[in-house]
Structures are given as structure tokens and as C-alpha cells.
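# the sequence and its predicted three-dimensional model are supplied below.
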Amino acid sequence: MISVQDAFRKFKSNLELTQGEQDDASRRQQEIRGVMDEAFAIEHDFLTGSYARWTKTKPLQDVDIFCVLKDEERHYRDEPSSVILADVETTLVKKYGRDKVDPPVAFSVTVNFGVAETDGKVMSFDVVPAFAKKDYYEVPNPQDSSGWTETNPRIHADMAVAAHEAYSKEWKGLVRMMKAWNRHNGKPISPSFLIEVMALQVLYKDFQGDFRYEMKSFFASLADRIHERWADPAGLGPDVSDGMNDSQKRNAQQLLLSAQNSAAVAIQLEVQGKQGEALRAWHDLFGSHFPQS
């Protein structure tokens, strides 16, 4: 029977992107870039979000592609930000069909490819039109009073790299595990980027070498600090914690505390020599990607 520590290592591996998924993400990025090029003047594009930070979990969906527009498209800045999102939506519908393109939400328009996780392909892309401004970007956000939100995903990526190095190169793996728990439990922490932002502070010093206790402590720390204000690490956009109201934070806190207790029970089962029961307990906590053998 597999040991719990080895099961955690396999769990971490199961959450990592395969070469096939990376290749498919690149191919679809180029395809979408070609579609966008026909309708807009694109300066450059790049993959961003948790995919670029290597904190994405399975199934691979909502991969962000930033399409940075050239100066000749700046007339959109004189119009409501909903206009450019509507034009991006129209462009993508022409290529992929109405059934595969969702209405715009906040900064982006989503293309759903409708493939199964076992296909090793990207399930969906969030296409984000953006304008460069100094050393950061502006993206459309009709929900904001100004209509636009400032952001710099490259800073987010750099901070994730630094945190990963400082935490014995285990930071990204633990973040993916927490995101897997979050998804398995109906995404009580929203957006999932909030997990990363909190992890920049609650996962510090060195990894202590035991995934069981690290995750138990991670659950406890998030529960303890979920009600705090969590600003955009780049210092540009709105607080990341603004995505949750007080009721949602209380619900997330209760689920995190319950997860902490479940982790403690799983650890105790292993202490009692009940290896199979311990593995099942961790599997129930994290979902199907956590192996039992």
C-alpha cells in the first residue's frame, strides 16, 4: 500500500500540467491570436493567470490570454468598456459559434472548447483585451466605476516564482493542492487567486518536509485570516478579497476549519496504523486526484 507521504507526492504530480496540456494551450493560444488579429490590431499576446504561474489545477480551464492592443485601437478607451468586450465576443462567436462563447464577465470573454479532462486539452480560454500603460496594463471592467482596471500579471508571476524558491520549491505544489480542495468543495474561496495572494504571506520560511502537517496548518491559517483585507500584490487593481462578501467569508472559514479537523483525523488514523483509512480520509478531503494506491 502506498504511504501517505508518497500519496501526497503523487497528488502533487497529478495536479501538474502534462506536456500535452502545455502543447495544446500553446496551440490554442496561437489560434485565438489569429482570430483576434483579423478583427483587432494586436501588439502582442501572452498567457497569464494561474496557468502562467504554474498554480493551475485540473481540469485545465479558464486559461487567461492577454491580447495587448496597439495604439490604433485606443478609441475604445473613449467608449464604455462594455463595447470592446462586446466586439471581442462577436469576433469569437464568428469563429467558434454561439454555444461555445460565454457572454463577457468582468475583464474577459470565455471560449469553451467542451473537451473532457482525459483528452489532455484546454477546456476553456478567457480572452482579455488590454492596453499597455507605462509598465502595467488596463483591462475592461464594466463593474468598476471607471470602466477599466489596472493590473500587471507579470508582477504576480514574479512574486509566485520568488515565493516558490523561498519555500524550498514546494510553494506552487501546496497552492495547487489548496486550489484542488477549493474546487472539490464548490469554490468557497473566490476568486481562487485569493488563495495565492494569502499564500504569499501564510506560507513562509522553509517547507518542513511533511505535506500532512503543512496542509493542516495551511487550512488553519487561511481560516484565521480569511476576513482580512487582501490587496492586489501588484498594488494596482482592487483588493482581491473584494470578490467575497462577509457571508461568503464566514462560509469559507467554516469549511476551512472543517478541513483542518479532517486533516487532523487523517493524521491520527495513520498514527493508529490505519493506513487505508487515512488515505481514504485524505482522498475525501481533496477529491479524485488524491490517490489511494
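Thanks, I have it. Numbers count the residues shown, from 1 in each chain.
# CA only for contacts and neighbour counts going forward, please
Fine.
# so what touches the longest strand along the chain?
The strand of greatest length in the chain, counted in residues with DSSP state E as the criterion, is given as strand 124-133. Defining contact as C-alpha atoms under 8 Å, 6 or more residues apart in numbering, one finds that strand 124-133 is touched by 60-70, 74, 84-85, 88, 107-114, 137-140.
# using ChimeraX, define a selection of the buried residues within the residues you listed.
Only the buried entries of these go into this ChimeraX selection, using 16 or more other C-alpha atoms under 10 Å:
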select :60,61,62,63,64,65,66,67,68,69,84,85,88,107,108,109,110,111,112,113,137,138,139,140
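# about what we covered before: who are the packing partners of the following helix or strand past the longest strand of the chain?
Toward the C-terminus, strand 124-133 is succeeded by strand 136-140 as the next helix or strand (DSSP states H and E). Other elements packing on strand 136-140 under the criterion 3 or more C-alpha pairs under 8 Å, 6 or more residues apart in numbering; DSSP states H and E are helix 81-96, strand 124-133, strand 148-151.
# contacting residues around F290?
Taking C-alpha under 8 Å, 6+ apart as the criterion, F290 is in contact with 7-8, 10-11, 14, 282-283.
# E277 now?
266, 269-270.
# just R33 next, same as before
Residues in contact with R33, defined by C-alpha under 8 Å, 6+ apart, are 45, 67.
# look at it and report its pLDDT.
If you check R33, the pLDDT there is 90.
# same check, this time on K10
Turning to K10, the model gives it a pLDDT of 95.
# distance of it from R176?
Between K10 and R176 the distance is 13 Å, computed by C-alpha to C-alpha, to the nearest Å.
# what ranges do the strands span in the chain?
According to DSSP E, the chain carries its strands in the segments 42-48, 63-69, 109-112, 124-133, 136-140, 148-151.
# surely Q29 and C67 touch.
No. Shown here, Q29 and C67 do not form a contact pair, counting by C-alpha atoms under 8 Å, at 10.1 Å.
# what touches both of these two?
With contacts taken as C-alpha under 8 Å, 6+ apart, Q29 and C67 have no neighbour in common.
# returning to what we had before: and the furthest pair within the contacts of F290?
Across those, the two members that end up farthest from each other (C-alpha to C-alpha) are N14 and W282, 14.6 Å apart.
# and A220, what does it touch?
Taking C-alpha under 8 Å, 6+ apart as the test, what A220 contacts is 256-257, 260.
# burial of the nearest residue to L279 once chain neighbours are set aside, as a residue count?
Leaving aside its sequence neighbours, L279 sits nearest to Q292 (C-alpha to C-alpha, 6 or more residues apart in numbering; 5.5 Å). Here the number of neighbours of Q292 (other C-alpha atoms under 10 Å) works out to 22.
# show the model's pLDDT score for Q292.
At Q292, the predicted lDDT confidence score is 92.
# does it really touch A7, like I thought?
Yes. Between Q292 and A7 there is a contact at 7.0 Å, judged by C-alpha under 8 Å.
# give me the common contacts of the two.
Taking C-alpha under 8 Å, 6+ apart as the contact criterion, the residues that touch both Q292 and A7 are L279.
# how does this protein divide up, domain by domain?
Taking automatic domain parsing as the domain assignment, the ranges for the chain are 4-15+156-286, 19-152.
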